[in-house]
Each structure stands twice: as structure tokens, then as C-alpha cells.
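Novice: let me see the structure of the following:
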Amino acid sequence: MPDFALLAVFIPTFFFVSITPGMCMTLAMTLGMTIGVRRTLWMMLGELVGVALVATAAVMGVASIMLNYPEVFQLFKWIGGLYLGYVGVQMWRARGKMAVVSDTDTRASASQFSLMSQGFITAIANPKGWAFMVSLLPPFINAERALAPQLIGLLSIIMVTEFVSMLAYASGGKSLRLFLSRGDNIRWLNRIAGSLMIGVGIWLAVS
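Specialist: Residues are numbered from 1 along each chain as shown. Now for the predicted structure:
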């Protein structure tokens with residue numbers, strides 16, 4: 001069974017870290033702004049899988065392998081960052097599959113796989129996410145108890161917390177979209193969303 005005393009400390013700790021603005025939260029807000037909360041759920045699914053993978057790897061010690069091959073990890077970050085930057089430029093120019101083209105028409109034709117890939121890449125290529133999981137999770141593992149139930153308990157908390165946080169950011173992006181869509185502000189909506197996406201790409205590449 002999980003150590004409930006440790007879980008009682010872990011829950012508020014991870015909540016405040018998760019709700020803090022970061023790459024994944026900014027991406028959720030940007031997609032909520034352009035394609036809506038419902039379709040953003042696909043990105044969230046990819047992000048949650050990525051976070052679960054990072055958390056599991058951190059507990060299992062796989063992170064040490066990543067540190068021994070920083071060139072591969074750096075290349076992966078740049079590829080992910082360039083892709084998000086490309087999407088952002090397309091949105092800025094009111095082109096691409098995620099640009100808003102009118103008050104009621106959104107080019108929400110980005111595939112489910114594409115959205116999941118964005119979330120997954122952003123999650124597993126985030127060095128701060130790795131550093132956080134490596135430093136935070138091990139102290140909450142009780143060596144005298146079975147590992148599997150503890151890991152399942154911690155992952156459950158992480159998944160729920162991450163999902164609620166991203167849902168809040170995506171909903172905020174949708175509200176911002178409704179505000180900016182009034183009048184003739186579609187151009188600004190695309191530029192703000194595109195700038196945020198480019199920012200996430202740069203953040204991912206150089207962090």
C-alpha cells in the first residue's frame with residue numbers, strides 16, 4: 001500500500017508545481033484559444049503519457065542514461081522546438097491547420113495524432129520536467145514498502161493534477177479567444193496564439 005503520510009505531503013507539493021505556468025500549460029492555453037478545449041484534450045493525452053513516462057523513468061533511474069547521452073536529448077529538444085515554432089509561424093500568418101479564420105470557423109483540422117505528438121514531445125523533452133521528477137519523486141518513495149503500489153499512487157496523483165491544470169489553462173485560452181474574437185480581432189488572436197506557440201518552441205529548444 002502507498003504511504004499515505006507521504007502522499008499527504010506530495011499532493012499539495014505537486015499541485016502548486018503543476019499549476020505554475022510552464023511549457024505544457026502555455027501549450028494548453030494556446031490550443032484552447034485556437035482549436036477549443038475539446039480538441040485540446042488530444043494534446044493533453046499525449047502530454048500525460050509523456051509525463052507518466054518521465055516520472056516512471058525518474059523513479060527507475062533511467063534518467064541517468066539520458067544524462068550520459070546529452071547530445072541525443074539536445075537534438076530531440078531542437079526538433080520538437082523547431083516544429084512548435086513552425087506551427088506558431090503558420091498561426092501568426094493566419095495559415096495552417098490551427099489558425100482561426102472567422103468568428104465561427106476554425107481550421108481545427110489538425111489530426112489527433114499531431115496533437116498528441118505535440119503534447120508528448122513537449123513533456124518528455126522538457127529538461128525542467130526531468131529535473132523536477134528526479135529530485136521530487138525519490139524522497140516520496142518508501143524503500144521499506146513495495147515499489148509498484150507507491151508508483152501507481154504517485155502517478156495517479158500526477159495524472160489527475162496535470163489534467164486539471166491543463167484543463168484550467170485551456171479553458172482560459174477559450175475565454176480569451178471569445179474576448180478577442182469580438183469585432184475584427186481575429187488577426188490579433190492568431191498573432192497572440194502564434195507568438196505563444198513560437199515562445200514554447202524556443203523555450204523547449206534552448207532550456
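
Novice: pLDDT value on the one residue sitting closest to the centre of the chain, please?
Specialist: In the chain, the residue lying closest to the centroid (CA atoms, centre = their mean) is Cys24, at 2.5 Å. Cys24 is assigned 86 on the pLDDT scale.

Novice: quick one: distance of the one helix or strand it maps to to the chain centre.
Specialist: Taking DSSP states H and E as the criterion, Cys24 maps to helix 23-34. How far helix 23-34 lies from its chain's middle: 8 Å, per CA atoms, centre = their mean, to the nearest Å.

Novice: poorly predicted segments of this protein, please.
Specialist: 1-4, 61-69, 72-73, 76, 94-109, 135, 139, 143, 180-186, 207 (pLDDT under 70).

Novice: residues touching Glu162, list them.
Specialist: The contact partners of Glu162, by CB atoms under 8 Å, 6 or more residues apart in numbering, come to Ser18, Cys24, Glu47, Leu48, Val51. Any C-beta I mention is one placed from the backbone N, CA and C, and that applies to glycine too.

Novice: returning to that earlier point: other SSEs contacting the helix holding Cys24?
Specialist: helix 37-60, helix 112-124, helix 147-180, helix 186-206 (3 or more CB pairs under 8 Å, 6 or more residues apart in numbering; DSSP states H and E).

Novice: and the next helix or strand past the shortest one?
Specialist: Read it as helix 112-124. Next helix or strand after helix 112-124 toward the C-terminus (DSSP H and E): helix 127-136.

Novice: perfect, I'm done here.
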